[in-house]
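1. model the structure of this input:
(chains A, B and C)
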Amino acid sequence: MVRRERNRLRVPARAPAVMASQQLLHFGDALSRGQLINWDYLGFLFKQISPYFFACLGTSLAVGLSIAGAAWGIFITGSSLLGAAIRVPRITSKNLISIIFCEAVAIYGVIVAIILSTRLESPFVVRDSQTGLYPIQAMTAGYAIYGSGITTGWSNLVCGLCVGIVGSSAALSDAQNATLFVKILVVEIFGSALGLFGVIIGIIIAGQAKLQGTLPPP
Amino acid sequence: MSNRYVCVPTVTVLAMMKARLTGAVKGHALLKKKADALTLRFRQILKKIVQTKQEMGKTMRAGAFALTEAKYAAGEFATTVLDSVESASVRVNAQQDNVAGVKIPRFERVMTGASDTKMHLTGLGKGGQQVQYCRKAYMTAVELLVELASLQTAFLTLDEAIKTTNRRVNALDNVVIPKLENTIAYIKGELDELEREEFFRLKKVQANKRKVADELVKRRLRENGPTPNGAKGALHDMMPGVDQDADIVF
Amino acid sequence: MYGFEALWFNIKDGYLDGVVRGHRSGLLTTADYNNLCQCETLDDIKLNLTGTDYGPYLANEPSPLHTTTIVDRCTEKLVDDWNKMRANADEPLGEFMDYCTYGHMIDNVVLIVTGTLHERDVHELLEKCNPLGMFDSIATLAVASSMRELYRLVLVDTPLAPYFSESLSAEDLDEMNIEIMRNTLYKAYLDDFAAFCRRLGGATAEVMGGLLSFEADRRALNITLNSIGTELTRDDRRKLYSNFGLLYPHGHHELAAAEDFDQIRSAMEKCPPYQAIFTKLGFGESQMLDKVLFEEEVRRLCDTFEQQFHYSVFFAYMRLREQEIRNIMWIAECVAQDQKIRINDGIVYLF
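-> This next block holds a predicted model:
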């Protein structure tokens, strides 16, 4: 149409809307085709979600779930430690190691979140005007960061729980028998290695991802 | 002289004293026999008491230990037991025994059948067996206690009886019989003396009478001159019938 | 979900779990018992105990000691510990701990009721009550003059009310033999406690279920054994058995019909765990039974400490302390009565 061609600064968003409405006309046929759920439409909608959403979600899950795991672990150990230390005060200094292991889990989460947030480099990831989809590199990057964040988050959550429960039992058995502590510490070390696995995989996955965008051409 | 009865020294009194003496001697013998019998019984009882006391010691010890076991198994059941008692199930009967005339009491344990049933359920949930065992142990202890009680009262009563009997024996032996004997000796002495006095009086009277008769003969001789019979004649005059008896010639 | 208590148990009860395990480490060991057995007088015992957890409670006792004083001080310690833990307890641990003490409460109520009916002084009775089983309105029990009034006025407000109403009717309260009443209440209590633990679920339900079923079976055994030859009929006996446990319901049929020790033995030996107990006894000998049962109970109680994140440790602690106090009483009495030969007959070593 004449008016649109004169407008230099085309707002790219409108094209996909036109696109969308055009395609809606396509999608509307699904019902007539006899399908209950219009999978094509849903897939279309999914692909419209910005990769930034997934990237930020991943980052938040990385730090949030790790810290939840660490906190959970700390309170499990801490309450038993307090109760047992009333009678046997000597256990307090040694058993702070359990708390430190739990804390380490939170730190893993923070580290991974920092790394992931550095992957979000520039704000502009532009949609293609024809298909309305984001560039494939951006999409991959977004999903990768999300995956990395979830991996780290969930593995740190259960690692924190594991270290916390073992730490609680370590405190109670140390109170009864001082020779047991060192052996149970080995169990805790193996437990905290789990979180480390999550962090490693998370970093590897996120290593490939780069959410880079370019400014739209003037 | 002080150790005799004050009495009139006559034959009847002597007879009376003699009778009393025989009585005293016989009484002394009998009382001695009684004292011996009582002492014998006393010693028997003493032996039994020593035995029973030792057994008592053992039984009470066993009873106390059974109580500990019961407390261990059943906890504090004392108040339950105390509160389920209505009337005493063990009673004591007292009877009299006669030993050589001394009445000594004897105690017997009597079981009334009361409140036995409630006791059987004490400690139903735990430790009931130990409680029943403890109960039996203390029952034997009570039996022994009753026996010991009767033995000890018998001991005390017999002790008293033996003391009084011995006192009486000694009194008879050292006081009554010597007194009686002294009295009898005194009476006899007095009677002898009286007899002697009588005899002496008799002799004196006879001597006097002879003197008077001699005086009379002499006076008659002086008055009548010499008699054909001479002195003898005077005597014959004085004593007619003297000649008539011919001298007996053998 | 069973198995996941570790995730949320410590939120409310982690601290008290640590505390009770600390108390458990203060229970007397075999070495301590050996020292106590070497004592010649009660003062020696006091000296030995001063070095253990009981120190502050016994240290100030004046010298002519009596065995009951020692036992009273030790019980005081248990009561203090328990009350401190109870004060800090959250729900449902608080309710659980209360359930643990209802057994003692039943004993106290029975004590006061019979004492009152026999016109004894209230204060004297209150002194004889078990301190673990006290509740606030206990002194008002002395006010009532008959059982019916008692129930109406006082017992309705106590936690024991449901046990009275479901098993006893009004006439029963007046005429029943005191032991039968006590055991009926105890049966209702055990059933209720077991149901409560099942509701709690998880490790608590499993461990407490095991402990309570042993308790129920032990009571059934004792009731049967102690009612042979008494006026208690088979049906009455049946009514006193709990409604759970390894012997329920088939074992109960046989136990109710048993008339002497060997029949009881054959009924119990059909359960494998109890067979092991009975092999320790000779034939026809039933004197040792109490001690063997105590040993079995102690073994099970000590095992509860091997698992974490459940409430049974509190119950186990209370029972183990009570057993320890029983042991101390036994030792003190043997020493006081000069029966040291028998001293090993009564001690159940905890560890």
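2. domain assignment for the chain?
-> Just going to use chain A. Under automatic domain parsing, the residue ranges defining each domain of chain A are A:2-43, A:49-205.
3. oops, wrong one, chain C.
-> Looking at automatic domain parsing, the domains of chain C come to C:1-89+C:318-351, C:91-173, C:201-310.
4. who wins for proximity to chain A among those domains?
-> Each of the domains of chain C was scored for nearness to chain A using Cβ to the nearest Cβ, and the closest is domain C:1-89+C:318-351 (2.0 Å). C-betas here are computed from N, CA, C, even on glycine.
5. hmm, that closest one touching chain B?
-> Yes. Domain C:1-89+C:318-351 reaches chain B (Cβ under 8 Å from any Cβ of the partner chain) through C:Arg326, C:Met329, C:Trp330, C:Glu333, C:Cys334, C:Gln337, C:Asp338, C:Gln339, C:Arg342, C:Gly346.
6. give me the buried entries from the residues you listed.
-> Buried members of those, scored by 16 or more other Cβ atoms under 10 Å in any protein chain shown, are C:Arg326, C:Met329, C:Trp330, C:Glu333, C:Cys334, C:Gln337, C:Gln339, C:Gly346.
7. so B:Arg220: helix, strand or coil?
-> helix (DSSP: H, G, I helix; E, B strand; the rest coil).
8. can you read off the backbone torsions of the nearest residue to B:Leu194 once chain neighbours are set aside?
-> Using Cβ to Cβ, 6 or more residues apart in numbering or on different chains and skipping residues adjacent in sequence, the residue nearest B:Leu194 is B:Pro9, 7.9 Å away. Backbone torsions of B:Pro9, given as degrees, to the nearest 10, read phi -80, psi 80.
9. B:Pro9 against B:Tyr186, yeah?
-> Yes. With contacts counted by Cβ atoms under 8 Å, B:Pro9 reaches B:Tyr186, the gap being 6.7 Å.
10. tell me the mean pLDDT over stretch A:147-166?
-> When pLDDT is averaged over stretch A:147-166, the result is 95.
11. then it to PDB, C-alphas only?
-> Presented in PDB, the C-alpha positions along stretch A:147-166 are these (Å, rounded to 0.1, in the frame of the first residue of the first chain):
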ATOM      1  CA  GLY A 147      19.000 -26.100  30.000                       C
ATOM      2  CA  SER A 148      22.200 -25.200  31.700                       C
ATOM      3  CA  GLY A 149      20.300 -23.300  34.400                       C
ATOM      4  CA  ILE A 150      17.900 -26.200  35.000                       C
ATOM      5  CA  THR A 151      20.700 -28.800  35.200                       C
ATOM      6  CA  THR A 152      22.600 -26.800  37.700                       C
ATOM      7  CA  GLY A 153      19.600 -25.800  39.700                       C
ATOM      8  CA  TRP A 154      18.100 -29.200  40.200                       C
ATOM      9  CA  SER A 155      21.400 -31.000  40.700                       C
ATOM     10  CA  ASN A 156      22.400 -28.500  43.300                       C
ATOM     11  CA  LEU A 157      19.000 -28.800  45.000                       C
ATOM     12  CA  VAL A 158      19.300 -32.500  45.600                       C
ATOM     13  CA  CYS A 159      23.000 -32.200  46.400                       C
ATOM     14  CA  GLY A 160      22.200 -29.700  49.100                       C
ATOM     15  CA  LEU A 161      19.600 -32.000  50.500                       C
ATOM     16  CA  CYS A 162      21.900 -34.900  50.500                       C
ATOM     17  CA  VAL A 163      24.800 -33.100  52.200                       C
ATOM     18  CA  GLY A 164      22.300 -31.700  54.700                       C
ATOM     19  CA  ILE A 165      20.800 -35.000  55.700                       C
ATOM     20  CA  VAL A 166      24.200 -36.700  55.900                       C
END
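12. ok, stretch A:54-72 near chain C or not?
-> Yes. In terms of Cβ under 8 Å from any Cβ, part of stretch A:54-72 sits within range of chain C, namely A:Trp72.
13. which of the helices or strands spans C:Cys334?
-> helix C:312-336 (DSSP states H and E).
14. which helices and strands sit right next to that helix?
-> With contacts taken as 3 or more Cβ pairs under 8 Å, 6 or more residues apart in numbering or on different chains; DSSP states H and E, helix C:312-336 sits against helix B:11-74, helix C:5-24, helix C:30-37, helix C:42-50, helix C:67-88, helix C:93-117, helix C:202-226, helix C:289-304.
15. so which of those gets nearest A:Gly147?
-> helix C:5-24 (25.9 Å; Cβ to Cβ).
16. is any residue of that closest one near chain A?
-> Yes. Interface with chain A: helix C:5-24 contributes C:6-7, C:10-11, C:14-23 (Cβ under 8 Å from any Cβ).
17. pull the CA coordinates from that helix and hand them back as CSV.
-> The C-alpha coordinates for helix C:5-24 follow below in CSV (Å, rounded to 0.1, in the frame of the first residue of the first chain):
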residue,chain,number,x,y,z
GLU,C,5,10.9,-37.8,56.4
ALA,C,6,14.5,-36.7,56.3
LEU,C,7,13.4,-33.7,54.2
TRP,C,8,11.0,-32.1,56.6
PHE,C,9,11.5,-33.8,60.0
ASN,C,10,14.1,-31.4,61.2
ILE,C,11,12.0,-28.3,60.5
LYS,C,12,10.1,-28.8,63.8
ASP,C,13,11.8,-31.6,65.6
GLY,C,14,15.5,-31.6,64.7
TYR,C,15,16.6,-29.8,67.8
LEU,C,16,14.8,-32.0,70.2
ASP,C,17,16.0,-35.0,68.3
GLY,C,18,19.6,-33.9,68.9
VAL,C,19,18.7,-33.2,72.6
VAL,C,20,17.2,-36.6,73.2
ARG,C,21,20.1,-38.4,71.6
GLY,C,22,22.4,-36.4,73.8
HIS,C,23,20.5,-37.7,76.9
ARG,C,24,20.6,-41.2,75.5
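18. how close does the closest residue in space to A:Gly149 that isn't next to it in sequence sit to A:Ile204?
-> The shortest distance from A:Gly149 to any non-neighbouring residue, by Cβ to Cβ, 6+ apart, is to A:Gly58 (2.7 Å). As judged by Cβ to Cβ, to the nearest Å, A:Gly58 and A:Ile204 stand 14 Å apart.
19. which stretches of chain B have low pLDDT?
-> B:1-2, B:114-118, B:225-250 (pLDDT under 70).
20. quick one, what contacts the residue nearest in space to the middle of it?
-> When Cα atoms, centre = their mean is applied to chain B, the residue found nearest the centroid is B:Leu31 (3.3 Å). By Cβ atoms under 8 Å, 6 or more residues apart in numbering or on different chains, B:Leu31 lies in contact with B:Thr165, B:Arg168, B:Val169, B:Leu172.
21. name the helix or strand for the first one, please.
-> What that stands for is B:Thr165. With DSSP H and E as criterion, B:Thr165 is part of helix B:128-171.
22. also B:Glu195?
-> With DSSP H and E as criterion, B:Glu195 is part of helix B:177-224.
23. what angle do that helix and helix B:11-74 make?
-> 180 degrees (axes from the mean of the first three to the mean of the last three Cα atoms, to 10 degrees).
24. which helix of chain A spans the most residues?
-> helix A:136-176 (DSSP state H).
25. could you list every helix and strand that it packs against?
-> Using 3+ Cβ pairs under 8 Å, 6+ apart, helix A:136-176 sits against helix A:51-85, helix A:91-119, helix A:180-208, helix C:5-24.
26. make it 6 Å
-> On a contact count with 3 or more Cβ pairs under 6 Å, 6 or more residues apart in numbering or on different chains; DSSP states H and E, helix A:136-176 meets helix A:51-85, helix A:91-119, helix A:180-208.
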